[in-house]
Structures are given as C-alpha cells and as structure tokens.
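**Q** Turn this into a model:
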Amino acid sequence: MKKVLVFLLVTQLGLAQQIFKKKQSLLGSPFEITVVAKDSLEGNYFTNLAIDEVKRIENLISDWIPTTQISKVNQNAGIQPVKVDQEVYDLVERAIKISKLTSGAFDISYASMDKIWKFDGSMKEMPSEEAIKKSVEKVGYQNIILNPKDTTIFLKNKGMKLGLGGIGQGYIADKIKVLLQVKGCKSALVNVSGDINTWGKQPDNKSWTVGIVNPMNKNKVFATFPLDDSAVETSGSYEKYVTFNGKRYSHIIDPRTGYPASGIVSVSVFAKQTEIADALATGIFVLGVDVGLDLINQLKGIGCIIVDDKGVIHTSKNIDIKKYQ
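**A** Modelled structure (predicted):
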C-alpha cells in the first residue's frame with residue numbers, strides 16, 4: 001500500500017504548527033487522516049496510530065474477511081451463538097437500537113439480501129415482484145439474538161448475515177478520535193470514506209470545514225459548514241442507480257421491502273459522533289424526505305440536509321442553510 005504524507009507549515013505566535021495528511025485505501029475505500037502536530041515525528045506517530053486502528057477494527061467487524069468475529073457469527077447462522085469481544089457486541093447492540101428507531105429502515109442484517117438488483121448497467125428490466133419479496137426473506141434485525149451475560153451473538157435463521165458497512169466506518173472514525181485524543185493529538189480530521197469526524201482547530205485557529213454538494217447541480221458546493229468537535233456523514237445515490245419507466249431507483253435498498261430507495265439523491269447528517277450520523281443517513285435515505293426529517297427533528301443535537309431527486313434541498317429545523325451558503 002502506498003502511503004502519502006504531505007504537510008502544510010503554518011507559523012502561529014512563533015510556534016510551528018504543522019498539518020500532516022496521510023491517505024490510504026483501507027476497507028476497500030479511501031481513508032484520510034489529517035492531524036496537527038509540532039513536527040514530522042509526531043505527525044507520523046499520530047497518522048500511523050490511526051491507520052493501525054482502522055486495521056484492528058477491520059479485523060474484528062469486516063464481513064469480507066472470513067476470520068473476523070462478525071464472519072464467525074455469519075458462518076454460524078442458524079447453528080449456534082458465537083462469543084465476541086465486548087466492543088463488537090456493543091456495536092451490534094447499538095445498531096439494533098437504530099433499527100428500532102428507524103422502524104427497520106436501517107438494518108445490519110441487510111447483508112442476508114439476495115443481490116437481485118444490478119447497478120452496473122447490465123440490468124435491462126426490473127426483477128419480478130416475487131423475486132423482490134423473496135430477496136428479503138432472511139433479513140430482520142429481530143432475529144439477531146444477543147446474550148449480554150456471555151457476550152454472544154446468534155443469528156436465528158440459516159442464511160442470515162450481518163454487514164456493518166452502514167455503521168462500521170462511522171464507528172472507526174469515532175474510535176480513531178478517542179485513541180488520538182488519549183495519545184495527545186489536540187486537533188485532527190478523520191475521513192473514513194466520507195464519514196468525517198473532527199476535533200480541535202487548524203493551525204490558523206480556524207475551524208475545520210466541510211462542503212456539501214448538490215449532486216443534481218454538477219456537484220457544486222452549495223454550503224460550507226464549520227465542524228467544531230463534531231461529525232458529518234453523507235450518503236449518496238447519484239453515482240449508482242437505475243431508471244425504469246422514468247423512475248430512478250438508487251443502489252440503497254430498503255431492507256424491509258427489497259425495493260431500492262427512491263426520492264432522495266443525497267443525505268448529510270451532522271452529529272457529535274460519526275457512528276450515529278452514518279447509521280441515520282442510511283435510514284433516512286430509505287425512509288424518504290418527510291419521514292426522515294420528522295425523525296431527525298425529534299433527535300437532540302442531530303441535523304440533516306437532504307437533496308431530493310428534483311435537486312430540491314431540505315433541511316432539519318436546526319439548520320439555517322442561508323447562514324452557510
């Protein structure tokens with residue numbers, strides 16, 4: 001893997017504060033860590049810690065690596081419970097809470113779905129209603145059985161599978177933040193494939209910022225938000241979708257029905273933790289504009305921006321978009 005390290009030198013009050021960035025492809029996606037440090041030694045130390053943490057968690061929760069604890073849970077679906085580390089157990093437990101909160105629109109057992117939709121241009125007609133219904137037979141967070149006494153996870157039905165893609169990257173960003181803060185990193189921005197978490201200020205004492213794009217308008221940034229010790233996650237369907245009878249179907253599938261989500265092309269969720277932003281963004285995509293906004297408006301400290309398939313921008317009550325345009 002190629003490691004890239006660049007830095008920008010800014011002098012403030014006579015003290016050299018440097019920004020160090022490291023990019024790698026991890027989890028099959030781009031990963032970037034940006035830290036503020038006093039020299040290259042410290043910069044390297046912090047960025048390497050972050051990369052090691054990604055690998056550590058990937059080897060616990062990836063459903064692609066056959067030896068991980070989540071893979072072992074999947075391999076034993078319908079057979080027996082599997083003992084997992086406390087952090088894996090807790091993550092799955094929190095994921096189930098978000099499934100309940102979103103009425104099943106977010107569901108980590110979505111990985112049990114039959115892959116009947118193709119978004120690579122090869123699909124010429126819609127799957128039959130019967131095939132769609134059958135594709136989600138094994139999906140259902142209600143069939144994930146947790147035993148807190150033994151920290152075991154049991155998937156009730158054979159063929160069931162967990163996939164933590166919709167929450168795992170956010171979890172990793174949060175864990176990196178906690179780890180680097182403990183190790184003395186005062187300021188950084190973590191970007192795990194679009195799941196962004198920040199703390200501290202840049203060397204010029206300005207906040208870290210994130211630009212939100214409208215995918216329907218040539219990806220122009222329509223708002224720039226400061227991120228002060230907070231997180232944002234954007235889910236989009238503007239790259240992968242199919243159109244049948246003039247209706248656009250996104251690559252994000254509703255785990256309850258087997259049909260692709262429609263009506264939304266982009267969701268950005270702002271929260272204190274990336275994990276919750278990550279899971280809620282997926283859930284809102286499936287719930288749609290009205291139900292999604294209604295849910296966010298009931299949650300304290302969480303904001304949301306939705307771009308619908310007509311290019312119209314919708315925001316939760318706590319975001320005044322004009323302030324940031």
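
**Q** So which elements touch the helix or strand where residue 25 lies?
**A** Assigned by DSSP states H and E, residue 25 falls within strand 15-26. Applying 3 or more CB pairs under 8 Å, 6 or more residues apart in numbering; DSSP states H and E, one finds that strand 15-26 contacts strand 4-12, strand 29-37, helix 40-61. To be clear about C-beta, it is placed using only N, CA and C from the backbone, and glycine gets the same treatment.

**Q** residues near the residue lying closest to residue 119 once chain neighbours are set aside, how many?
**A** Nearest non-adjacent residue to residue 119, counting by CB to CB, 6 or more residues apart in numbering: residue 240, 4.2 Å away. The local packing of residue 240 (other CB atoms under 10 Å) involves 14 other residues.

**Q** what's the spacing between residue 240 and residue 281?
**A** Going from residue 240 to residue 281 by CB to CB, to the nearest Å gives 16 Å.

**Q** Same check on residue 80?
**A** Counting by CB to CB, the gap from residue 80 to residue 281 is 34 Å.

**Q** what does residue 69 give?
**A** Between residue 69 and residue 281 the computed distance is 25 Å (CB to CB).

**Q** Of the two, give the one with the bigger neighbour count.
**A** Taking neighbours as other CB under 10 Å, residue 69 and residue 281 compare with residue 281 leading, 28 against 20.

**Q** and that one, what pLDDT?
**A** You'll see residue 281 listed with a pLDDT of 96.

**Q** swap in residue 13?
**A** Looking at residue 13, its pLDDT reads 36.

**Q** thinking again about what came up before, of the helices and strands packed on strand 15-26, which approaches residue 126 most closely?
**A** strand 29-37 (29.0 Å; CB to CB).

**Q** Now do the closest one: which elements does it pack against?
**A** The contact analysis (3+ CB pairs under 8 Å, 6+ apart) places strand 29-37 against strand 15-26, helix 40-61, helix 165-182, strand 188-192.

**Q** could the ones you listed go into JSON lines alongside distance to residue 290 and mean neighbour count?
**A** Output for the helices and strands packed on strand 29-37, formatted as JSON lines (distance: least, CB to CB, whole Å; neighbours: other CB atoms under 10 Å):
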{"stretch": "strand 15-26", "distance to residue 290": "36", "mean neighbour count": "17"}
{"stretch": "helix 40-61", "distance to residue 290": "33", "mean neighbour count": "18"}
{"stretch": "helix 165-182", "distance to residue 290": "21", "mean neighbour count": "22"}
{"stretch": "strand 188-192", "distance to residue 290": "30", "mean neighbour count": "24"}
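
**Q** Can I get those in TSV including distance to residue 249?
**A** Below are those laid out as TSV (distance: least, CB to CB, whole Å):
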stretch	distance to residue 249
strand 15-26	29
helix 40-61	29
helix 165-182	18
strand 188-192	27
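
**Q** pLDDT (mean, whole number) over stretch 302-313?
**A** For stretch 302-313, mean pLDDT rounds to 93.

**Q** gap between it and the chain center?
**A** Centre-to-centre, stretch 302-313 and its host chain are 17 Å apart (CA atoms, centre = their mean, to the nearest Å).

**Q** Show me which positions of that stretch end up buried.
**A** 302-309, 313 (16 or more other CB atoms under 10 Å).
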